[in-house]
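> task: produce atomic coordinates for the following.
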Amino acid sequence: MSYAFHLSAPMIVAALACDVAIGDPAWIPHPVRLIGAAIALGERRLHCGDARADYLRGALLALAVIAIASVAAWALIDAAGLIGDAAGAVALRGLDDAAAEVQRALGGNDAARARRALPALAGRDPQSLDRAGMIRAVVESVAENSSDAVIAPLMWLFVGGPAAAIAYKAINTLDSMIGYRDSRYLYFGRAAARIDDAANYLPARLTALCLIVAAQFTARRGAPAWAVCRADARRHSSPNAGYPEAAMAGALDLRLGGDAVYGGVNEARATLGGSVRTPAIADIAAARQLMWWATGAAVILAAITRTIILRLA
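Numbering: from 1, shown residues only. So this is what the prediction gives:
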């Protein structure tokens, strides 16, 4: 069986270990950077400003990028017998490092440094955030990206190997670049956004479940995490992001969400969780810890599920 479409659980764990050990060396062309370059080129060539044409051209771009990414992953892995491309789909180390950088800056009372580091995690305007706002932004980003950057790629690795994981990263990158609702991307990025919603439907809910398990294991807060997730996850404007964010809010007894400024424009968002306490730097460390434990839970759950399915088949 081709390694492009199937990896055993031990091989997936090895790929994850590669990401944890070496992260994303700058001198290696990362798949997401190459995918992003292809999307940018396609947008420049295809975007025209006409609603109907942009919708069709945006859908064509999305399908083409996903297909090319998955075929390229298959060709490289099948030809070379490599599993390294699997590690390129998971960003556990990079996400943790980015959160840790903001944590260190805030711990040293260096707000300017924290604001410079924040864009690596969150898209909101750093200058609009006070200390508590920056902490919330980091915790929310760790929660959401626990799904988008870690557990979702791992799930697709288990389902369809590196080819599926790289296809997922192409979908996620398309959404992050053109899946907006502003005047430029409302139609051009609509297909990309809908594909991303579908690809993340199960991973987001799996991530919430794993965060709840992690909260129970680390701090006996599984019940509050479950309760906030059930009560507030659907209040989020995204059909998926609310699940891991609400679970994280309940796990940390922290209120997340609320209005945020993006590109100078205030975006009204629902709040998740009922706590009124002031966020602390320790919340970033706790969110990072929950992300690691949730990732471990996801790997174990996926491995057990696939084993059961294969034995029943």
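> same for the helix or strand harbouring Asp232, what does it pack against?
Under the criterion of DSSP states H and E, Asp232 resides in helix 222-232. Other helices and strands packing on helix 222-232, by 3 or more CB pairs under 8 Å, 6 or more residues apart in numbering; DSSP states H and E, are helix 190-219, helix 242-252, strand 271-272. The C-beta positions use only the backbone N, C-alpha and C, and glycine is treated the same way.
> ranking those by burial, who's on top?
helix 242-252 (a mean of 31; mean count of other CB atoms under 10 Å).
> chain center to it: distance?
The chain centre lies 14 Å from the centre of helix 242-252; the measure is CA atoms, centre = their mean, to the nearest Å.
> indicate which one of the helices and strands packed on helix 222-232 is closest to Trp293.
With CB to CB, the closest approach to Trp293 among the helices and strands packed on helix 222-232 belongs to helix 190-219: 3.6 Å.
> hey, which helix or strand in the protein has the poorest pLDDT?
Scoring the helices and strands of the chain by mean pLDDT, DSSP states H and E places helix 84-87 at the bottom, with a mean of 53.
> tell me which residues in the helix or strand Arg104 falls within are buried?
Using DSSP H and E, Arg104 maps to helix 92-107. When burial is assessed from 16 or more other CB atoms under 10 Å, helix 92-107 yields the following buried residues: 92-96, 98-103, 105-106.
> let me know the closest of those residues to Ala251.
For the buried residues of helix 92-107, the nearest to Ala251 is Ala99 (15.4 Å; CB to CB).
> and the pLDDT for the closest one?
According to the per-residue confidence, Ala99 scores 97 in pLDDT.
> that one and Cys48, how far apart?
39 Å (CB to CB, to the nearest Å).
> what does Asp96 give?
For Asp96, the distance to Cys48 - CB to CB - is 41 Å.
> so which residue is smack in the middle of the protein?
Asp148 (1.9 Å; CA atoms, centre = their mean).
> show me where this protein has strands.
With DSSP state E, the ranges of strands along the chain come out as 256-257, 260-262, 265-267, 271-272.
> one step back: contact partners of the helix holding Arg104?
Helix 92-107 is contacted by residues 16, 19-24, 111, 113-114, 117-118, 120-121, 131, 134-135, 138, 141-142, 145-146, 149-150, 281, 284-285, 287-288, 291-292, 295 when judged by CB atoms under 8 Å, 6 or more residues apart in numbering.
> would you write a ChimeraX line that selects the buried entries of those residues?
To isolate the buried ones among those in ChimeraX, judged by 16+ other CB under 10 Å, type:
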select :16,19,23,24,114,117,118,121,134,135,138,141,142,145,146,149,150,281,284,287,288,291,292,295
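> could you check how far Gly36 is from Ala302?
Gly36 is 27 Å from Ala302, by CB to CB.
> also Val213?
When Val213 is compared with Ala302 (using CB to CB), they lie 13 Å apart.
> correct me, but Ala286 touches Leu254?
No - Ala286 is beyond contact range of Leu254, at 9.0 Å (criterion: CB atoms under 8 Å).
> residues in contact with Ser275?
By CB under 8 Å, 6+ apart, the neighbours of Ser275 are 249, 253-255.
> ok, of those residues, which come out buried?
Buried among these (16+ other CB under 10 Å): 249, 253-255.
> pairing partners for Gly257 in the sheet, please.
Under DSSP bridges, the beta-bridge partners of Gly257 are Thr271.
> right, and it touches Ala137 too?
No - taking contacts as CB under 8 Å, Gly257 lies outside contact range of Ala137: 10.8 Å.
> skip the chain neighbours and tell me the closest residue to the residue nearest to the centre of the chain.
Asn172 (5.7 Å; CB to CB, 6 or more residues apart in numbering).
> and the gap between the closest residue to Thr305 other than its chain neighbours and Leu174?
Using CB to CB, 6+ apart and skipping residues adjacent in sequence, the residue nearest Thr305 is Phe158, 8.0 Å away. Distance, Phe158 to Leu174, using CB to CB: 22 Å.
> which of those two has more neighbours?
Leu174 (29 against 22; other CB atoms under 10 Å).
> shaky segments in this structure?
1-8, 21-30, 78-88 (pLDDT under 70).
> for Ala143, which residues are in contact?
Taking CB under 8 Å, 6+ apart, one finds 211, 244-245, 247-249, 256, 287, 291 in contact with Ala143.
> which one of the residues you listed is nearest Leu312?
Nearest to Leu312 among those, with distances taken as CB to CB, is Leu211, at 28.3 Å.
> would you mind measuring from the closest residue to that closest one other than its chain neighbours to Val32?
In space, and not counting its chain neighbours, Leu211 is closest to Ala247: 4.2 Å by CB to CB, 6+ apart. Using CB to CB, one gets 25 Å for the distance from Ala247 to Val32.
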